[in-house]
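Colleague: Have a look at this fold, sequence not included:
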């Protein structure tokens with residue numbers, strides 16, 4: 001049933017690889033926590049789910065993590081009810097802690113300017129290609145200008161850019177396509193990078209050797 005649920009999320013819900021991995025991990029963690037007491041998903045009761053909630057809280061997990069774990073369980077049991085004939089979901093009777101509401105951390109304009117300028121002000125590595133800092137600058141400008149998710153940024157191809165219309169076509173969650181405006185600094189940064197690297201086809205952002213940039217590379221850049 002877990003396999004059928006994940007296939008359902010991947011095909012009918014167009015779940016991203018990260019979402020599917022989170023669901024898979026959440027179900028596995030719950031089964032591991034139940035241990036010998038687990039005799040099948042259909043045999044779980046609301047009290048079992050409450051005990052799991054209390055165990056997570058006792059172990060010091062943040063509210064956001066707890067809610068993500070239970071979001072996976074809720075989705076799974078909803079699938080069992082709607083598609084596999086289960087009578088009711090035991091998770092539906094569990095009251096979760098409210099989300100934490102902390103104040104957002106906001107960068108100042110000068111901090112943003114400093115951040116965006118870092119790639120072009122750093123020391124030059126003679127062993128690296130000349131286009132590398134230009135690519136990094138383009139990545140930061142795209143993030144800031146378009147508000148892209150990292151998965152959307154990584155998937156960009158040259159054909160998705162419209163410099164005349166000053167927009168970029170993005171494939172978002174659920175394979176939903178949208179068109180996002182690009183600011184002037186982002187457009188200039190991309191054009192400088194493309195001119196130096198001579199990018200003419202997909203993908204837009206490259207690593208060394210010339211393959212699509214990875215999430216690890218972008219994470220490291222941002223850190």
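Modeller: Done, it's in. All of these numbers come straight from a predicted model, not from anything done at the bench. Numbering: from 1, shown residues only.
Colleague: From one end of stretch 142-157 to the other, what's the distance?
Modeller: Length of stretch 142-157, first residue to last, Cα to Cα, to the nearest Å: 13 Å.
Colleague: same check, this time on stretch 147-157
Modeller: End-to-end distance for stretch 147-157, by Cα to Cα: 17 Å.
Colleague: who touches it?
Modeller: Stretch 147-157 is contacted from outside by 16, 18, 139, 142-143, 168, 170-173, 180, 201-205, 212-215, 218, using Cβ atoms under 8 Å, 6 or more residues apart in numbering. Heads up, the C-betas are built off the backbone N, CA and C, glycines and all.
Colleague: again, only using 7 Å
Modeller: Stretch 147-157 is contacted from outside by 16, 139, 142-143, 168, 170-172, 202-205, 212-213, 215, 218, using Cβ atoms under 7 Å, 6 or more residues apart in numbering.
Colleague: Just the buried ones from these?
Modeller: By the neighbour-count criterion of 16 or more other Cβ atoms under 10 Å, those include these buried positions: 16, 139, 142, 143, 168, 170, 203, 204, 205, 213, 218.
Colleague: With pLDDT, secondary structure and distance to residue 93 as extra columns, can I get these in TSV?
Modeller: Written out in TSV, the entries for these read as follows (pLDDT from 0 to 100; DSSP: H, G, I helix; E, B strand; the rest coil; distance: Cβ to Cβ, whole Å):
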residue	pLDDT	secondary structure	distance to residue 93
16	85	coil	29
139	95	helix	46
142	93	helix	45
143	91	helix	41
168	94	strand	45
170	91	strand	39
203	90	coil	47
204	91	coil	48
205	91	coil	47
213	90	coil	45
218	91	helix	41
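Colleague: Is it possible to get JSON lines of those that adds distance to residue 105?
Modeller: Output for those, formatted as JSON lines (distance: Cβ to Cβ, whole Å):
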{"residue": "16", "distance to residue 105": "26"}
{"residue": "139", "distance to residue 105": "21"}
{"residue": "142", "distance to residue 105": "21"}
{"residue": "143", "distance to residue 105": "16"}
{"residue": "168", "distance to residue 105": "27"}
{"residue": "170", "distance to residue 105": "25"}
{"residue": "203", "distance to residue 105": "31"}
{"residue": "204", "distance to residue 105": "29"}
{"residue": "205", "distance to residue 105": "26"}
{"residue": "213", "distance to residue 105": "26"}
{"residue": "218", "distance to residue 105": "20"}
